[in-house]
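> Predicted model follows, preceded by the sequence.
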Amino acid sequence: QVQLVESGGGLVQAGGSLRLSCTASGRTFSSYAMGWFRQAPGKEREFVAAISRSSITTNYADSMKGRFTISRDNAKNTVFLQMNSLKPEDTAVYYCARSLIPARTRDEYNYWGQGTQVTVSS
C-alpha cells in the first residue's frame, strides 16, 4: 500500500511563497508520475501541476504557470511544489497524487495523500 504524506502548508500573506512537499512510501516512486491538485471550500478538486517520472515533462494549470514550480527528488521519494506570488484565491487544501503519466485529470491518479492546508491572507 502506497502512502503519500504532504507537508509545508500554512498561513502566508498575499505575495508570499510556500514550498509543499509530498513524500511517498515504498520503493517504486521513480516509476510513477506525480501530480498536485487543490480543493477550495465548496469547489471541485482541480489540477495544479504534474511531473513525469524522470522530470522531463511538467504540466501546469494555466492559472499557475509562472508562479508555481513542480519538481521531484527520486532519491528521497519526494515531490515538491514551489508556490510564489500567492494570491488569496490560492487558498485550498493541496493534495499530491500518483499516476502512470503526468495527467491533468483526477481519474488518472490512483493514490492520494491526505492534503495540506494553504491559506493566503489579503
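On my side now, so go ahead.
> neighbouring contacts of stretch 33-47?
Contact with stretch 33-47 is made by 20, 22, 24, 48-53, 61, 70, 72, 79, 81, 89-106, 109, 115, 118, as judged by C-beta atoms under 8 Å, 6 or more residues apart in numbering. For the C-beta atoms, the positions are set from N, CA and C on the backbone; glycine is no exception.
> distance between the ends of that stretch?
Stretch 33-47 has an end-to-end distance of 14 Å (criterion: C-alpha to C-alpha, to the nearest Å).
> Please point out which parts of that stretch sit buried.
For stretch 33-47, the buried set under the neighbour-count rule, 16 or more other C-beta atoms under 10 Å, comprises 33-38, 45, 47.
> Include distance to Gln13, pLDDT and secondary structure when you put those into CSV, please.
Putting these into CSV (distance: C-beta to C-beta, whole Å; pLDDT from 0 to 100; DSSP: H, G, I helix; E, B strand; the rest coil) gives the following:
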residue, distance to Gln13, pLDDT, secondary structure
Ala33, 32, 98, strand
Met34, 28, 98, strand
Gly35, 27, 98, strand
Trp36, 21, 98, strand
Phe37, 24, 98, strand
Arg38, 19, 98, strand
Arg45, 25, 97, coil
Phe47, 25, 98, strand
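> List of residues touching stretch 11-26?
Residues outside stretch 11-26 that contact it (C-beta under 8 Å, 6+ apart): 1-10, 34, 36, 76-88, 94, 96, 98, 113, 116, 118-122.
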